[in-house]
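K.L.:
got a predicted model here, sequence first, then my questions.
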Amino acid sequence: MDKSAETTPPDGSRSPGPRLRKSFFARSVHEVAPDLIGATFLVNGVGGIIVEVEAYDQTDPAAHSFRGPTPRNAVMFGPPGYTYVYLSYGLNWCVNFVCQAAGSAAGVLLRAIEPTHGLAAMRRRRGVTDAKALCSGPGKLCEALAITKALSELPIDRSPIALHARSGGAEIATGVRIGLTKAVDLPWRYELKGSKYLSKRF
DNA sequence: CTCTTGATCTTCT
DNA sequence: GAAGATCAAGAGC
């Protein structure tokens, strides 16, 4: 009764899979990024299904790690399975998961989430009511989940963070990354095809 | 609907 | 001193 490849719901009706461990991130960022689409990400019980991410690696002129370690990006040069949170344009926090291996400095940027847990808290923090506006961007989702520098450099397999694998399959689309001035043509953005909760309408 | 602009401040050169 | 992995509001069509 469930061979509906074409009537697959945007997501949210599927139950989360097993909890992810740090080892999930110990491989190429270009394998991890698409596998994160459909995963469930919660901070203190608030969050939802990851529907859009972008990959960055050390060979990438757009990556924060491209020019080598600095105090800000140091965690990217450490072991995989940790958060890297930074302040964008002086206003918005953005969160990444460190991938690959110590020294390789690759990460996945979370760009959009389909809200499923703690909608009331998200609406309060964001000051908007439309579910499609709560987590449809890297800065928005951090505000909705109350992610700040205090959540940086934390392991992804321990409270207050919970990450669960996608349980079934997912139809994934790719595209160029958003908001960059360098390496603008690399197709390293991944999204859940047809989701109504992406950072833009494509 | 699309396009443009201002806010705001940390980081690195 | 300039740039930046963004967002929201306002103008124009």
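P.N.:
Here it is on my side, so go on.
K.L.:
can you show me the helices along chain A?
P.N.:
A:29-36, A:119-126, A:138-144 (DSSP state H).
K.L.:
excluding sequence neighbours, find me the nearest residue to the residue most central in space within chain A.
P.N.:
Chain A has A:L110 as the residue nearest its centroid, 2.3 Å off, counting by C-alpha atoms, centre = their mean. Excluding the flanking residues, the one nearest A:L110 by C-beta to C-beta, 6 or more residues apart in numbering is A:V95, at 5.3 Å. To be clear about C-beta, it is placed using only N, CA and C from the backbone, and glycine gets the same treatment.
K.L.:
how close does the one you found sit to A:A133?
P.N.:
18 Å (C-beta to C-beta, to the nearest Å).
K.L.:
swap in A:F41?
P.N.:
In terms of C-beta to C-beta, A:F41 sits 18 Å off from A:A133.
K.L.:
which one of the two has more residues nearby?
P.N.:
A:F41 (25 against 17; other C-beta atoms under 10 Å).
K.L.:
list the beta-bridge partners for that one.
P.N.:
Per DSSP bridges, the residues bridged to A:F41 are A:G48, A:L163.
K.L.:
equivalent analysis for A:R189, please.
P.N.:
With DSSP bridges as the rule, A:R189 is bridged to A:E54, A:G175.
K.L.:
which pLDDT value belongs to it?
P.N.:
Predicted confidence (pLDDT) at A:R189: the value is 97.
K.L.:
which residues are in contact with A:L110?
P.N.:
A:F41, A:I50, A:E52, A:V53, A:C94, A:V95, A:N96, A:F97, A:P138, A:L141 (C-beta atoms under 8 Å, 6 or more residues apart in numbering).
K.L.:
which pLDDT does the model give the nearest residue to A:V43 once chain neighbours are set aside?
P.N.:
Nearest in space to A:V43, with sequence neighbours left out and distances taken as C-beta to C-beta, 6+ apart, is A:L145 at 4.5 Å. Predicted confidence (pLDDT) at A:L145: the value is 98.
K.L.:
quick one: A:L145 from A:A121, how far?
P.N.:
A:L145 is 9 Å from A:A121, by C-beta to C-beta.
K.L.:
more neighbours: which of those two?
P.N.:
Set side by side, A:L145 and A:A121 show more neighbours around A:L145, with 30 against 15, by other C-beta under 10 Å.
K.L.:
correct me, but the more buried one touches A:G47?
P.N.:
Yes - if you go by C-beta atoms under 8 Å, A:L145 and A:G47 touch, sitting 5.6 Å apart.
K.L.:
shared neighbours, these two?
P.N.:
With C-beta under 8 Å, 6+ apart, A:L145 and A:G47 have common neighbours A:F41, A:I113.
K.L.:
give me the neighbour count for the residue in chain A that DNA strand C sits nearest to.
P.N.:
Residue nearest to DNA strand C within chain A: A:G179 (2.0 Å; C-beta to the nearest atom of the strand). For A:G179, the count of nearby residues is 13 (other C-beta under 10 Å).
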